[in-house]
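Asks: Sequence plus predicted model, see below.
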Amino acid sequence: NAGVTQTPKFQVLKTGQSMTLQCAQDMNHNSMYWYRQDPGMGLRLIYYSASEGTTDKGEVPNGYNVSRLNKREFSLRLESAAPSQTSVYFCASTMVDDSPLHFGNGTRLTVT
Amino acid sequence: GIQVEQSPPDLILQEGANSTLRCNFSDSVNNLQWFHQNPWGQLINLFYIPSGTKQNGRLSATTVATERYSLLYISSSQTTDSGVYFCAVERTGGFKTIFGAGTRLFVKA
């Protein structure tokens, strides 16, 4: 049972480049989330998907787009990367809104 | 939006000591979770505890929802307990789980 899988683990981009972070879960969870974690800080919610076919903004959505491709997969896209988007990105999932969150191992992104 | 405050921000313990971490939140919540982020960056769910008390080995947690706080107790601390402990809450009626800034714990051998 792999749980929540994120790819890639590491990525370096130049300012203005685009990329998509991939996330997949095999636990048949309904809700999925993208967070970012900056040094010395807690996690901030970027976007979430309460169920397949729906997405909503979190605390810090600017500069990002998401796609809930199917029940298993939830991707995060940076259209034009900026140095302020240098961070560690975590994907998480949960069965319903009153059950524990399960996290992937993160993607460390550096934008130069 | 809901505010989540954790204290203390940093804590250094001698191995074997006990500690209490606190999480205060500003609104009624559907759920509250405690996570441990290990030195490799992995986030592990310790407790899902919207109210009441739970125990898991040397760790226990208590949430008093009516007074809007939760406590995480670590007894007989070990060096492997080092890392950052996060409290995360979901406001009643919402899907957004919001994190506090964390308590950074270092346990000395």
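Replies: Perfect, thanks for sending it.

Asks: From now on I want contacts and neighbour counts done on CA atoms only, so please keep to that.
Replies: Will do.

Asks: Would stretch A:54-62 count as contacting chain B?
Replies: Yes. On the criterion CA under 8 Å from any CA of the partner chain, stretch A:54-62 is in touch with chain B at A:G58.

Asks: Give me the residues contacting that stretch.
Replies: Under the contact criterion CA atoms under 8 Å, 6 or more residues apart in numbering or on different chains, stretch A:54-62 has outside partners A:44-49, A:66-68, B:96.

Asks: Where strands are concerned, which of those residues count?
Replies: Under the assignment DSSP state E, the contacts of stretch A:54-62 contribute A:44-49, A:66-68 to strands.

Asks: if I look at B:P39, how far off is B:T62?
Replies: Counting by CA to CA, to the nearest Å, the separation of B:P39 from B:T62 is 25 Å.

Asks: who's more crowded, the two?
Replies: Taking B:P39 and B:T62 together and counting by other CA atoms under 10 Å in any protein chain shown, B:T62 has the greater number of neighbours (19 against 12).

Asks: In which helix or strand does the residue nearest to the more buried one when sequence neighbours are not counted reside?
Replies: The shortest distance from B:T62 to any non-neighbouring residue, by CA to CA, 6 or more residues apart in numbering or on different chains, is to B:T53 (4.3 Å). Mapping B:T53 onto the secondary structure by DSSP states H and E places it in strand B:52-56.

Asks: what lines up beside the helix or strand following that strand in the sheet?
Replies: Along the chain past strand B:52-56, the next helix or strand (assigned with DSSP H and E) turns out to be strand B:59-64. Strands adjacent to strand B:59-64 in the sheet, as given by DSSP bridges, are strand B:52-56 (antiparallel), strand B:69-74 (antiparallel).
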